[in-house]
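J.: The sequence and its predicted three-dimensional model are supplied below.
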Amino acid sequence: MLSSLHYFVLSAILFAIGGIGVLVRRNVIVMFMCVEMMLNAVNLALIAFSRYLNSVDGQMLVLLVMAVAATEVVVGLAILVALYRQRPTTDVDEMNLLKG
Amino acid sequence: MLDYAWLVLVFPLVGVIVNAFFGRRLGKRGAGYLASAMVGLSFVCAVWMFAELLGRPETDRVIVRPLFDWITVGDFNVQAKLLLDPLSAVMATVVSGVSFLIHIYSIGYMAHDERFVRYFAYLNLFVFAMLTLVLAENLLVTYVGWEGVGLCSYLLIGFWFERKAASDAGKKAFLVNRVGDVGFALGLMLLFVTFGSLSMQNVLEQTMVVRLTSGVATTIALLLFVGAVGKSAQIPLYVWLPDAMEGPTPVSALIHAATMVTAGVYMVARTHALFQLSSSALTWVAAIGGVTAFFAATMALVQHDLKRVLAYSTISQLGYMFLGVGVGAYASGIFHLTTHAFFKALLFLGAGSVMHALAGELDIRKMGGLKGKIPTTFWTFLIAALAIVGFPGLAGFFSKDEILWRAFADGKTVLWALALLTAGLTAFYIFRLVFSVFFGESRVDKKVAAHIHESPKVMTVPLIILAGFSIIAGYAGVPKILGGGNWIEGFLEGSLGWRAPEVLAEEAAHGSAGTEWALLLVSVIVALAGIGLAYYFYVRRTDLPGRVAKGLNGVYTFVYNKYKVDEFYMGAIVTPLRQLGGFFSAKVDGPVVDGVVEGIAALVALVGRGLQALQTGLARNYALGILAGAVLLLVYALVK
């Protein structure tokens, strides 16, 4: 049967995939999706803990994280649109004006 | 007035400030009158002070008036106070009086100069500094005045600084003075170490109590004398004074004849208590004075530049003053200082008047026959000349003979003989000037001769007044053998009377009156002989000077080139120092100092370039950094 351990492992795998995706992919939108994936991995872990510990705190936190994630995506995409207007590219490697 | 004696100092200071800031608005006339008026007021105060001192009983003539506390650091206490006693009264009166006359004269002489206002500001500053020097009670305040007059000398010698010769002369004066000042400063330090104070009163009290080893007293006295040698142009630091003639003639008259150069003599007289404790120091003073007097007179014999002859004459007369104080005749030295101030200033101002008439000509070979054309200048110059050679009846006669007599009586026969010979030389070279400039045929350039004119009243009136003083000033010190009571010596006794007990016994033994009469006659004869010889050479047989010069060619050229002393100093001192400076600049300052600073900068740049590799500008690298950091923290938290 499914024990909480399986949820944690899944969460870790999703987090790792998301993390590597952020580091490796060059398309900004894909980077965002990977960040979302990381956030959702964390959500999954929180829910599993909440079930395992019989506490509702985990679920409260998940709601909070979801709200924040949504907000963050809004802001992030707004920044992206502004950046795209400057330089019509979605390649994050092209945005290297801070190179010193 | 004694309570308000500080006014003497304040007036010239006000003059400086007003002229410096508002001079342009006052205009030439305003600035000139203001400056002269300020010095005039100082003079009035000085005379008032003098009169008040005379009114007091003889024992009560040393008055100290505090001004303010200057330095208080631990044990080192310097209070600015004014010392008002016979010596400072005499000096203040002479300084302010002669300065006043020269200010008036300058209004005429400098009338066409565009930096007229600045000139008067400098002159007032000089008077302020000189009066500070003379009235100070604490030797450090004296030193302030000392340096102040040195500064003004530099500023005024190099007044026409567009001329390289003038600015070089200003620098030379300042640097040579500085050498003397080092000695003076060292003397002050030793004085402080020995007595714990630089206040004249304090030191005087202590010399009566503390038994100084003569070694310490000698060292202090000699160090202070080094300062005097620099300021008063004695051997070996006299070289700046002839060059100083590049400055305006009233400046030469004031600073380099009547006042600043006498500061050294004043200083020796003021600190006579220390010199009295060391007979070897006094011998040095007398010896240097005597030798300088002779040496300078020889150079005056052959110079063609009117002012240069007078400059060497000043050095020579200063030598006389030092000879006087060196044999313990402090009052005589100061007496000669005052008479000299009058007739030397008059000689210089007269020279200025001659130059004014001849559109700036200075070479006596291009003058002659001027006595009818500029009579006032001629007569006043003649009076001054007679005074300086010690012609009976005029000021120099009484003061110079007193010094000669005291030198002889003190047993310094060699110096007496040298001084007597110098008197003869003095008569010769001064009357060489008189006869070459005013008598005989005119050798003046034709274009210049057309414009010869007497100077305006503003210049001739001071000449006349100074001539008057050159005549009557001597009567302040008529010696006993001629029926006078030597008033000035008695008056100055209040300041200059300190004697170590052992010395008092010696001084009682003077020579006889007969010897004094004999010496008097000898010096008069020598002076008249000098005048006669000059007459023969420069009026009767004007070919003789040229023939003698050719005959003694080697010697003549050597003396004419001032014994090559300047060249010697240049080669032995100036050039090596310049090379040393050059070496340090190129080999030490460049590579080492600049190297260190630049090296540090290079190091910083290197580190920066290294760290630059971290800033790739790629967001992904920064993200990796964040992640790595987070992982490390996690590991750290888990392991703990």
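T.: Sure, I can see it.

J.: can you give me the helices for chain A?
T.: For chain A, the helices defined by DSSP state H cover A:4-24, A:28-53, A:57-86.

J.: quick one: contacts for the residue of chain B at minimum distance from chain A?
T.: The minimum distance from chain B to chain A, using C-beta to the nearest C-beta, falls at B:Gly617 (2.8 Å). (C-beta placed from N, C-alpha, C; glycine too.) By C-beta atoms under 8 Å, 6 or more residues apart in numbering or on different chains, B:Gly617 lies in contact with A:95-100.

J.: if we go to 6 Å?
T.: Shown in contact with B:Gly617 (C-beta atoms under 6 Å, 6 or more residues apart in numbering or on different chains): A:96, A:98-99.

J.: Now residue 4: closest residue in space that isn't a chain neighbour?
T.: This is for chain A. Once flanking residues are discounted, A:Ser4 sits nearest to A:Tyr52: 4.5 Å by C-beta to C-beta, 6 or more residues apart in numbering or on different chains.

J.: my bad, the chain I had in mind was chain B
T.: B:Tyr4's closest residue in space is B:Cys45 (C-beta to C-beta, 6+ apart), at 7.5 Å.

J.: Show me the shaky parts of the stretch 101-250 of chain B.
T.: B:210-212 (pLDDT under 70).

J.: which SSE is the residue nearest to B:Tyr4 in?
T.: helix B:7-55 (DSSP states H and E).

J.: next one: B:Leu83
T.: strand B:76-84.

J.: Same question for B:Gly183.
T.: Judged by DSSP H and E, B:Gly183 forms part of helix B:164-195.

J.: Name the residues that touch the helix or strand following that helix?
T.: Going down the chain from helix B:164-195, the next helix or strand is helix B:200-209, by DSSP H and E. Residues outside helix B:200-209 that contact it (C-beta under 6 Å, 6+ apart) are B:137, B:195, B:273.

J.: How much space separates the first one from B:Val62?
T.: Right, B:Glu137. B:Glu137 is 10 Å from B:Val62, where distance means C-beta to C-beta, to the nearest Å.

J.: So those two - more neighbours on which side?
T.: Taking other C-beta atoms under 10 Å in any protein chain shown, B:Glu137 and B:Val62 do not tie; B:Glu137 has more neighbours (24 against 18).

J.: contacting residues for that one?
T.: B:Glu137 makes contact with B:64, B:81, B:83, B:200 under the criterion C-beta under 6 Å, 6+ apart.

J.: With neighbour count as added columns, please give those residues in a markdown table.
T.: Formatted as a markdown table, the contacts of B:Glu137 follow (neighbours: other C-beta atoms under 10 Å in any protein chain shown):
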| residue | neighbour count |
| --- | --- |
| B:Val64 | 14 |
| B:Lys81 | 21 |
| B:Leu83 | 23 |
| B:Met200 | 22 |
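
J.: which ones are touching the residue most central in space within chain B?
T.: Computing the C-alpha centroid of chain B and ranking residues by C-alpha atoms, centre = their mean puts B:Val261 first, at 2.0 Å. Taking C-beta under 6 Å, 6+ apart, we find B:Val261 in contact with B:232-233, B:318.

J.: Skipping its backbone neighbours, what lies nearest A:Phe32 in space?
T.: Nearest non-adjacent residue to A:Phe32, counting by C-beta to C-beta, 6+ apart: A:Gly76, 5.9 Å away.

J.: What of B:Leu84?
T.: Nearest to B:Leu84 is B:Ile63, by C-beta to C-beta, 6+ apart, at 4.4 Å.

J.: Could you check how many residues crowd around that neighbour?
T.: Neighbours of B:Ile63 (other C-beta under 10 Å): 19.

J.: Also the one 10 residues further on?
T.: Neighbours of B:Val73 under the rule other C-beta under 10 Å: 7.

J.: coming back round to it: how near is the residue nearest to A:Phe32 to chain B?
T.: Using C-beta to the nearest C-beta, to the nearest Å, A:Gly76 is found at 12 Å from chain B.

J.: just how off-centre is stretch A:55-66 within its chain?
T.: Centroid displacement of stretch A:55-66 relative to its chain, using C-alpha atoms, centre = their mean, to the nearest Å, is 16 Å.

J.: now swap in stretch B:627-640 and tell me
T.: Distance, centroid of stretch B:627-640 to centroid of chain: 84 Å (C-alpha atoms, centre = their mean).

J.: For it, output the C-alpha coordinates as CSV.
T.: Taking C-alpha atoms only, stretch B:627-640 is exported to CSV below (Å, rounded to 0.1, in the frame of the first residue of the first chain):
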residue,chain,number,x,y,z
LEU,B,627,21.2,26.6,-4.7
ALA,B,628,24.7,25.5,-3.7
GLY,B,629,24.5,27.8,-0.7
ALA,B,630,21.2,26.5,0.3
VAL,B,631,22.5,22.9,0.1
LEU,B,632,25.5,23.7,2.2
LEU,B,633,23.3,25.3,4.9
LEU,B,634,21.1,22.2,4.8
VAL,B,635,24.0,19.9,5.2
TYR,B,636,25.4,22.0,8.0
ALA,B,637,22.1,21.9,9.8
LEU,B,638,21.7,18.2,9.5
VAL,B,639,25.3,17.4,10.6
LYS,B,640,25.1,19.6,13.7
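
J.: What are the buried residues along that stretch?
T.: For stretch B:627-640, the neighbour count (16 or more other C-beta atoms under 10 Å in any protein chain shown) marks no residue as buried.

J.: ok, now stretch A:72-87?
T.: Within stretch A:72-87, judged by 16+ other C-beta under 10 Å, the buried ones are A:76, A:83.

J.: mean confidence for it?
T.: What stretch A:72-87 shows for mean pLDDT is 92.

J.: Extract the CA atoms of that stretch and return them as PDB.
T.: The C-alpha coordinates for stretch A:72-87 follow below in PDB (Å, rounded to 0.1, in the frame of the first residue of the first chain):
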ATOM      1  CA  GLU A  72       5.100  35.600  -7.900                       C
ATOM      2  CA  VAL A  73       4.200  34.300 -11.300                       C
ATOM      3  CA  VAL A  74       2.200  37.400 -12.100                       C
ATOM      4  CA  VAL A  75       5.100  39.600 -11.100                       C
ATOM      5  CA  GLY A  76       7.600  37.400 -12.900                       C
ATOM      6  CA  LEU A  77       5.700  37.300 -16.200                       C
ATOM      7  CA  ALA A  78       5.300  41.100 -16.000                       C
ATOM      8  CA  ILE A  79       9.100  41.400 -15.700                       C
ATOM      9  CA  LEU A  80       9.500  39.000 -18.500                       C
ATOM     10  CA  VAL A  81       7.300  41.000 -20.800                       C
ATOM     11  CA  ALA A  82       9.200  44.200 -20.000                       C
ATOM     12  CA  LEU A  83      12.500  42.500 -20.700                       C
ATOM     13  CA  TYR A  84      11.100  41.100 -24.000                       C
ATOM     14  CA  ARG A  85      10.300  44.600 -25.000                       C
ATOM     15  CA  GLN A  86      13.900  45.600 -24.400                       C
ATOM     16  CA  ARG A  87      15.500  42.800 -26.200                       C
END
